[in-house]
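kindly return the folded structure for what I paste below:
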Amino acid sequence: MSNANTSAPAIRYGAVTFDCPDPAEMARFYGEVLGLPVVYSSDDFVMLGQEGSAGLGFNRLTDYRRPTWPDPSQEKQAHIELGVDDLDAAQAHLLALGAVEPPAQPQSDRWRVLLDPAGHPFCITHLI
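Here you go, the predicted structure:
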């Protein structure tokens, strides 16, 4: 319960981190996709970001299990939504960078689902 005499601490969104088998490969992929530099790197963790903005991290998980979306046997775990101005051009660019197109596309006229190098689904959608 909140006390009227104390103020809430400053809290801001800092980063989201994805588990994966190869943090360097994931950082290469998303770094190229989003134009983000590596701000920290070790064998087991890589963080992308820019000063003043939220980051994107990748953590090595030795027993990582690749999502099987749309098959629910290994759920997608999490995904990122990316806004684009041209779905077809963005999809072609992302596939060239290493994304994979899954067999199912729920509403390909509105958004596209792709898989990153570790199998996490992510969506591209028209900018609003």
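
how's the chain carved up into domains?
14-63, 79-128 (automatic domain parsing).

excluding sequence neighbours, find me the nearest residue to the residue nearest to the spatial centre of the chain.
For the chain, the residue sitting closest to the mean C-alpha position, by CA atoms, centre = their mean, is Ile80 at 4.6 Å. Spatial nearest neighbour of Ile80, chain neighbours left out: Phe122 (4.5 Å); criterion: CB to CB, 6 or more residues apart in numbering. Glycine gets a C-beta too; all of them are placed from N, C-alpha and C.

what do you get for Ala54?
Tyr13 (5.2 Å).

and the one you found, how many residues sit next to it?
8 (other CB atoms under 10 Å).

how about Asp85?
Residues near Asp85, counting by other CB under 10 Å: 8.

same thing with Glu101?
13.

now it. Its backbone dihedrals?
Dihedral angles of Glu101 (phi, psi; degrees, to the nearest 10) stand at phi -90, psi 120.

and it, what does it touch?
Gln91, Leu95, Arg112, Leu114, Leu115 (CB atoms under 8 Å, 6 or more residues apart in numbering).

Glu81 is in contact with Val16, correct?
No - Val16 is beyond contact range of Glu81, at 11.9 Å (criterion: CB atoms under 8 Å).

where does pLDDT dip in this protein?
1-5, 9-11, 128 (pLDDT under 70).

can you give me the helices for it?
23-34, 87-97 (DSSP state H).

hey, what's the residue nearest to Ile80 bridged with?
Leu114 (DSSP bridges).

repeat that for Cys20.
Arg60.

my guess is it meets Tyr64, correct?
Yes - counting by CB under 8 Å, Tyr64 is a contact partner of Cys20 at 6.0 Å.
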